[in-house]
Structure formats: structure tokens, C-alpha cells
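*Asks:* quick one: sequence plus predicted model below, questions after.
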Amino acid sequence: WKIFNSLNSLELKSLEEPLYLFGQFFKKPLECLTLAYYLPQNAGDIARKFIKDQQLLSFIDAECFIVSTVNALKTPMINASMVLCDRHFGGINYPVGGVGGIAVSLANGLVEKGSAIQYKANVTNVILENGKAVGVR
């Protein structure tokens, strides 16, 4: 939560721009120092420092793998904290039917409004009328 709250308190734009980061440091020095401390650490080492339950550690490895395609020992702590904490910030917020439920609901809504969806079709052109997309070729 320390990392999540530090990231959440900053106006994050580009972490590759030194002048931007320098400005953020002067606005929120403690938060930036917190991030600098955790930057070289991974989620697995930190989890194993405090947690001994093997099932819980396996769960954390699985969660990290879902987010970063590697286990917790290879997932940067800053990445893991942002994703894992963000899911539970202000309560647990998962879409009904899982993440795939969003796409299904969107597709169903488009069909209900008169659109036709062709799956596995290659789009070569977007058809515009008055600057608005009205179809595809």
C-alpha cells in the first residue's frame, strides 16, 4: 500500500522524462523516495519476507503471472503493488462475467443498436461520413 499510495499521489505522465520526474520529486519528495527504495525490489522477495504460507505465496505468484507473465520473484514490486492494490482500492471491483464480460456486453449493445459484427474478419479500411466512422471494409 505504501507504493500504491505513493504512485497514486503523483500525477503520473511519463516516467522516461527526467524534467518531469525532477518536478514531481520537488512536489512529493517522500513519495518519490519511497518509489526509489522499492524500484530494485521484486514482489516475490518482499512477499516471502513476511508470508510463510505456501498456498498464499502460490496465489501471489499466480497473480503476478497474470499481470506480468512472470512469477512474483521476477515481477517488479512497483508493478505488482499498482495492479494488486488498484483492484481493491475503494473495495473490490471486478466486472461481472470477468474481463471478457466487458467485450461481450459491448458487442451485445452494438448489435442491439443495429450494428452487425463479423468475427475473424480483416478490416482494410474504416468508412467515414462527415468525419465519423460509419462502417468498415
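*Replies:* Structure's in. What do you need? Remember, it's a predicted structure, so these values are computed and weren't measured experimentally.
*Asks:* for the residue most central in space within the chain, give me its contacts.
*Replies:* What sits nearest the mean C-alpha location of the chain, by C-alpha atoms, centre = their mean, is Val83, with 5.2 Å. Val83 makes contact with Val67, according to C-beta atoms under 8 Å, 6 or more residues apart in numbering. In short, each C-beta sits where N, CA and C put it, glycine included.
*Asks:* which SS class is it?
*Replies:* Taking DSSP: H, G, I helix; E, B strand; the rest coil as the rule, one finds Val83 in the helix state.
*Asks:* so where's the protein shaky on pLDDT?
*Replies:* By pLDDT under 70, the weakly predicted segments of the chain are 12, 14-16, 86-96, 98-99.
*Asks:* ok, and what's touching the longest helix seen in the chain?
*Replies:* Ranked by residue count and defined by DSSP state H, the top helix of the chain is helix 54-68. For helix 54-68, contacts defined as C-beta under 8 Å, 6+ apart pick out 43-44, 47-48, 51, 70-76, 79-80, 83-84.
*Asks:* sort out for me which of the residues you listed are in helices.
*Replies:* Per DSSP H, the contacts of helix 54-68 map to helices at Ala43, Gly44, Ala47, Arg48, Asn79, Ala80, Val83, Leu84.
*Asks:* by neighbour count, which of those residues wins?
*Replies:* For these, neighbours were counted using other C-beta atoms under 10 Å, and Ala43 has the most, 28 neighbours in all.
*Asks:* for that residue, give me its contacts.
*Replies:* With C-beta under 8 Å, 6+ apart, Ala43 has these contacts: Ile60, Cys64, Ala72, Leu73, Thr75, Pro76, Met77, Asn79, Ala80, Ser81.
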